[in-house]
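Here is a sequence together with a model predicted from it:
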Amino acid sequence: MSGKSLKTPEVAPAPKAPEPVAPAPVVQPAGNAAVAEKVAKEPAKEPAAPGGPGPALSGEGVASAPKPAPGANDGSLGEGLFSRGARGDTVKAIQSMVGGLDVDGKFGPATAAAVRRFQKENGLKVDGIVGPETRGALYARQAASARPANRASATPVPLMGRRATPPLPTRRPQQPSAAVPLPTRRPEQPSAAVPLPTRRPEQPAAAVPVPVRRPEAPAAAAPAQEAPAQEAPAAQDVPLPTRRPTPPAPQQEQRTERPAARDEASRETGAPRDTSDVDKLLKQGFKGKTLGRGASGADAKTLQGTLRALGYLPKDAKLTGKMDADTTNALMAFQVATSGVDKVEKGTDAQGRAVYQTDKDKNRLKGIVTGKLDKATRAKLTEALKTERADRLAGRKEDKSKFSRTMGDNDTQRKQIADRMRKQGLDPEKLMKVDTSRFAKQGLRPHVLDAAIDAWENAYASGKTKNMTITVNDFELPGNMRRSFTLDLSKPGEGLKMHELMAHGSGSGDQTWSTKFSGAQRTGSGQSVLGGMIVGGRSYPGSKQYGATVDGLEKGINDRADAREVRMHAKGRGSLSEDAIGRSLGYRSLGCLVMTDKAAKTYRDQARKEGGRYNFNFSPNAQYWGNKKNAVTSD
């Protein structure tokens, strides 16, 4: 062994003729302060653990803090929130740390299910989103897996290049004087042939962050010299556990806790905002009557004020006290946003695989999105007002970081998208990040927009569309609310270009709810078509009013749309109107995309000018999300 070494006593029978030496001081638990200081002062050596190579250890049987593994606690999980649709190296790190997943860097249904399972196992909020708490738990598990499994073993472990120190003795049975406080044992005690020093005045009690020695310990040095020398070996017969008092959390654990501290109060606070409108609404309250489309009165006016304060109606919306089309649609958007239905999959099976809706399942929003101001909705509105008031007083703003999506499934596709943007005179740096929650208060749910953008990226990167204006039709929403959303991805600061009613096929459900899509490829099924398609990309040969062609882009899902003569058009005679909002749609198509006369004409004219518009029809049905591969699930 190179360098200075100390001979440490080994547990063995007492020698036949022991030389008179000073007895070993009786040890208290706080004595480990000296151990830590001694180790800190001398250079660390890293011999292999007994029985084979292994990490060098410090202390008595306790491993030194492991270095973070790549992709673990080195910052690779970032500082934001990650959920369905996220991609990149950060997602790879998440998949690797959660375990049991293909590490492909795509936060899909399987990854979300595994994250929820991990959250459930660790007592966290089960939402499938990797935020500060989940990230901290992942870091903690990573750190725990890097430590030796038997921390408290009494077997001596190499001490930074030294010989193993035997277990520390407990209080000697033959204590000379119980009235005198006992000193702590110093691990650097010389061999029995050298007299022990009685005190080391230069040793500060708080030199290391472990429990400090008792102040009265120096006074006990004199009585310790009067003890018989032969009692020293006897003190080794009763060992203390080798595990030392828990030191302050190492740097790795500190990094684990830091993200959790970045909560609403620290990240989203600013100057307090005015609450006078909310205070007035809370004072008024609701009178307790169930209201529907066409109702009027004080509760209808309070409802309008509440929806305006919460952002579901425009700030300049007039409080007429009537539940008109705009008020009813805004109320339905609130019911959608607070429904808890915010994922594509309906759950997971025993193996953690995503499970989707089938033709036999009830629509998940049925019974929730009613368009009526009922008891349950009044309670949610009142609670939302209280939360809004608290947020304004605290200066908190809505945290949208978890809804941020970066375009492109991989570096290659991101480059293709960026190049095409530049050719169109657009700046990719300003457009590659998309806030998928920007239209949530109008009914366009973040996970639905995320799925639509995911499918659009494939068409845009491959040149099947040059247009950054897309239309999303959410067929999980009821047909008696505006569920067709048209937005321009090249203008993130602008609102919706179109927000319209959209009929579904007669084979997909009743006049309000649609649930069946598995036969969408069959002629005569009368079912609506799911997935991505180009509308108005060719001249329309038919006779439907304001008609436009529909060309499906996803093989096995909707590529027979044209053969089925699926079109986009207006109803024509007895046309749809916004009178249907909150009531009954009163019309179903044969699988075509049918809008009001005015909306169909506007859509057709815009699509022609654009050279065809990308359209994405959404439903959580297994026909699209299940076993079949398509432009979204194959990403």
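Ah, there it is.

how near is the closest residue to Gly626 other than its chain neighbours to Glu429?
Leaving aside its chain neighbours, Gly626 sits nearest to Tyr356 (5.6 Å; criterion: CB to CB, 6 or more residues apart in numbering). Heads up, the C-betas are built off the backbone N, CA and C, glycines and all. As judged by CB to CB, to the nearest Å, Tyr356 and Glu429 stand 36 Å apart.

ok, those two, which is more surrounded?
Shown here are Tyr356 and Glu429; by other CB atoms under 10 Å, Tyr356 has more neighbours (19 against 9).

How much space separates the more buried one from Thr471?
Relative to Thr471, Tyr356 is positioned 23 Å away (CB to CB).

And Arg273, by the same measure?
Using CB to CB, Arg273 is found at 35 Å from Thr471.

quick one: which of these two has more around it?
The neighbour count for Arg273 versus Thr471, taken as other CB under 10 Å, is higher for Thr471 (25 against 15).

mind listing the strands in the protein by residue range?
For the chain, strands defined by DSSP state E occupy the ranges 57-58, 62-63, 347-348, 354-355, 404-406, 433-435, 469-474, 484-488, 498-500, 531-535, 548-552, 567-570, 593-595, 613-618.

With mean pLDDT added, can I get the ones you listed in JSON lines?
Putting those into JSON lines (pLDDT from 0 to 100) gives the following:
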{"stretch": "strand 57-58", "mean pLDDT": "36"}
{"stretch": "strand 62-63", "mean pLDDT": "38"}
{"stretch": "strand 347-348", "mean pLDDT": "89"}
{"stretch": "strand 354-355", "mean pLDDT": "91"}
{"stretch": "strand 404-406", "mean pLDDT": "91"}
{"stretch": "strand 433-435", "mean pLDDT": "94"}
{"stretch": "strand 469-474", "mean pLDDT": "98"}
{"stretch": "strand 484-488", "mean pLDDT": "98"}
{"stretch": "strand 498-500", "mean pLDDT": "97"}
{"stretch": "strand 531-535", "mean pLDDT": "95"}
{"stretch": "strand 548-552", "mean pLDDT": "94"}
{"stretch": "strand 567-570", "mean pLDDT": "93"}
{"stretch": "strand 593-595", "mean pLDDT": "94"}
{"stretch": "strand 613-618", "mean pLDDT": "97"}
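
how near is the closest residue in space to Val355 that isn't next to it in sequence to Ile417?
Using CB to CB, 6+ apart and skipping the chain neighbours, the partner closest in space to Val355 is Gly347 (5.0 Å). Gly347 sits 33 Å away from Ile417, going by CB to CB.

what about the two, which has more around it?
Taking other CB under 10 Å, Gly347 and Ile417 do not tie; Ile417 has more neighbours (21 against 11).

In this structure the more buried one contacts Lys423, no?
No: in this structure, Ile417 is not within contact of Lys423 by CB atoms under 8 Å, at 11.0 Å.

ok, the residue nearest to Gly626 - contacts?
Tyr356 sits next to Val344, Glu345, Lys346, Pro620, Asn621, Ala622, Trp625, Gly626 when contact means CB atoms under 8 Å, 6 or more residues apart in numbering.

quick one: the third one and Asp89, what's the gap?
Right, the one you point to is Lys346. Applying CB to CB, the value for Lys346 to Asp89 is 30 Å.

Mind checking which of the two has more residues around it?
The neighbour count for Lys346 versus Asp89, taken as other CB under 10 Å, is higher for Lys346 (15 against 12).

Make sure that one is actually in contact with Arg364.
Yes: the criterion here is CB under 8 Å, and Lys346 meets it with Arg364 at 6.8 Å.

which residues do these two both contact?
Here Lys346 and Arg364 have Gln357, Pro620 as joint contacts, going by CB under 8 Å, 6+ apart.

tally of neighbours for Pro272?
Each residue near Pro272 was counted by other CB under 10 Å, and the total is 12.

all helices for the stretch 501-635 of the chain, in order.
Assigned helices in the stretch 501-635 of the chain, in chain order: 597-610, 622-625 (criterion: DSSP state H, counting those that start in this stretch).

just checking, Arg583 touches Arg293?
Yes: between Arg583 and Arg293 a contact is recorded at 5.7 Å, counting by CB under 8 Å.

Show me the shaky parts of the stretch 451-600 of the chain.
By pLDDT under 70, the low-scoring segments of the stretch 451-600 of the chain are 518-522, 573-575.

Identify the residues contacting Ala112.
Counting by CB under 8 Å, 6+ apart, Ala112 touches Ser83, Arg84, Gly128, Lys343, Glu345, Ala354.

list the residues that contact both of Ile417 and Lys423?
Counting by CB under 8 Å, 6+ apart, Ile417 and Lys423 have no contacts in common.

Skipping its backbone neighbours, what lies nearest Tyr540 in space?
That would be Gly547: by CB to CB, 6+ apart, it lies 4.5 Å from Tyr540.

so that neighbour makes contact with Arg567?
Yes: between Gly547 and Arg567 there is a contact under CB under 8 Å: 5.2 Å.

So for the two, which residue has more residues nearby?
Regarding Gly547 and Arg567, a neighbour count based on other CB under 10 Å identifies Arg567 as having more, with 24 against 18.

Distance check, the more buried one against Gln623.
Arg567 sits 21 Å away from Gln623 when distances are taken as CB to CB.

again, but for Leu310
According to CB to CB, Leu310 and Gln623 sit 35 Å apart.

Show me which of the two is the more surrounded one.
More crowded of Leu310 and Gln623, by other CB under 10 Å: Gln623, with 24 against 19.

Assess the claim that that one and Leu530 are in contact.
Yes: contact criterion CB under 8 Å: Gln623 and Leu530 qualify, at 6.5 Å.

Okay, now the unreliable bits of the stretch 151-300 of the chain?
Low-confidence segments of the stretch 151-300 of the chain (pLDDT under 70): 151-268.

Distance of Gly586 relative to Gly505?
Taken as CB to CB, the span from Gly586 to Gly505 is 15 Å.

CA atoms only for the helix ranked longest in the chain - export them in CSV, please.
Ranked by number of residues, the top helix in the chain under DSSP state H is helix 375-394. Output of helix 375-394 as CSV, limited to C-alpha atoms (Å, rounded to 0.1, in the frame of the first residue of the first chain):
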residue,chain,number,x,y,z
LYS,A,375,-75.7,21.5,-10.9
ALA,A,376,-72.4,19.8,-11.7
THR,A,377,-71.5,22.6,-14.2
ARG,A,378,-72.4,25.4,-11.7
ALA,A,379,-70.1,23.8,-9.1
LYS,A,380,-67.2,23.6,-11.6
LEU,A,381,-67.8,27.2,-12.7
THR,A,382,-67.8,28.5,-9.1
GLU,A,383,-64.6,26.6,-8.3
ALA,A,384,-62.9,27.9,-11.5
LEU,A,385,-63.8,31.4,-10.5
LYS,A,386,-62.2,30.9,-7.0
THR,A,387,-59.1,29.6,-8.7
GLU,A,388,-59.0,32.5,-11.1
ARG,A,389,-59.3,34.9,-8.2
ALA,A,390,-56.4,33.3,-6.3
ASP,A,391,-54.2,33.3,-9.4
ARG,A,392,-54.9,36.9,-10.1
LEU,A,393,-54.1,38.0,-6.5
ALA,A,394,-50.9,36.0,-6.6
